[in-house]
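**Student:** Make a model of this:
(2 chains)
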Amino acid sequence: DTAVSQTPKYLVTQMGNDKSIKCEQNLGHDTMYWYKQDSKKFLKIMFSYNNKELIINETVPNRFSPKSPDKAHLNLHINSLELGDSAVYFCASSQVRLRETQYFGPGTRLLVL
Amino acid sequence: RKEVEQDPGPFNVPEGATVAFNCTYSNSASQSFFWYRQDCRKEPKLLMSVYSSGNEDGRFTAQLNRASQYISLLIRDSKLSDSATYLCVVNTGRRALTFGSGTRLQVQP
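**Tutor:** Okay, here's the model as predicted:
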């Protein structure tokens, strides 16, 4: 009965490859997010979707493409992986209201060699 | 200037000590404020929301000063299990959270 789940937990791949990370939430939330946590442990928002619609798209290379097939899922596809993409990627979800709490998935540790 | 600034620490304190963390934020339009906790190699988890009137949850007390754009977290009677990184978090109304870089706490026996 995990609230926010991500797969895979670990991803080791070569430069230039294309990979996807999947995220699912069973909380009935209408907003989902992708965050990146780099080696300095700094968490930064990448994308946010509300009811399958993109509402936040920070300055992220267009090699990163989020896809939301429905409210409960937000996947992240990364093309032409680079060394600098190595990080921990967290998915999160929330319900839109004045003071919304975000619930995070366990993270996907991506290492690009 | 970073949107949310915290002292990275580490704060090394003995069990039973009281420790305080501070945080400043730059966007005066920020609407809601939180402290999250992140254990090593785990996801961030909400510790508590921060209200203008100040609020307490057991051994944890959070304060917000909107005029100074300052947030604090006080932990009383520290336990070994409190060892973690504490993230000051601000919502500017864009629905995404802006995180500070975190303050690391190590409680020692």
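
**Student:** Residue B:99: neighbour count?
**Tutor:** Residues contacting residue B:99 under the criterion other Cβ atoms under 10 Å in any protein chain shown number 24. Just so you know, the C-beta spots here come from the backbone N, C-alpha and C atoms, and that holds for glycine as well.

**Student:** how far away is the closest residue to it other than its chain neighbours from residue B:12?
**Tutor:** For residue B:99, ignoring the flanking residues on the chain, the nearest one in space by Cβ to Cβ, 6 or more residues apart in numbering or on different chains is residue A:43 at 4.2 Å. Counting by Cβ to Cβ, to the nearest Å, the gap between residue A:43 and residue B:12 amounts to 24 Å.

**Student:** low pLDDT regions in chain B?
**Tutor:** Residues of chain B meeting the criterion pLDDT under 70: B:94-95.

**Student:** which residues does the most centrally placed residue in chain A form a beta bridge with?
**Tutor:** The structure's chain A has its C-alpha centroid closest to residue A:34; by Cα atoms, centre = their mean the separation is 3.1 Å. As for beta bridges, residue A:34 partners with residue A:47, residue A:91 under DSSP bridges.

**Student:** Make sure it is actually in contact with residue A:87.
**Tutor:** No: taking Cβ atoms under 8 Å as the definition, residue A:34 is not a contact partner of residue A:87, at 11.2 Å.

**Student:** Around chain A, which positions in chain B sit nearby?
**Tutor:** Neighbours of chain A within chain B, by Cβ under 8 Å from any Cβ of the partner chain: B:31-32, B:34, B:42-46, B:49, B:85, B:87, B:91, B:94-99, B:101-102.

**Student:** Show me where chain B has its helices.
**Tutor:** Under the criterion DSSP state H, chain B contains no helices.
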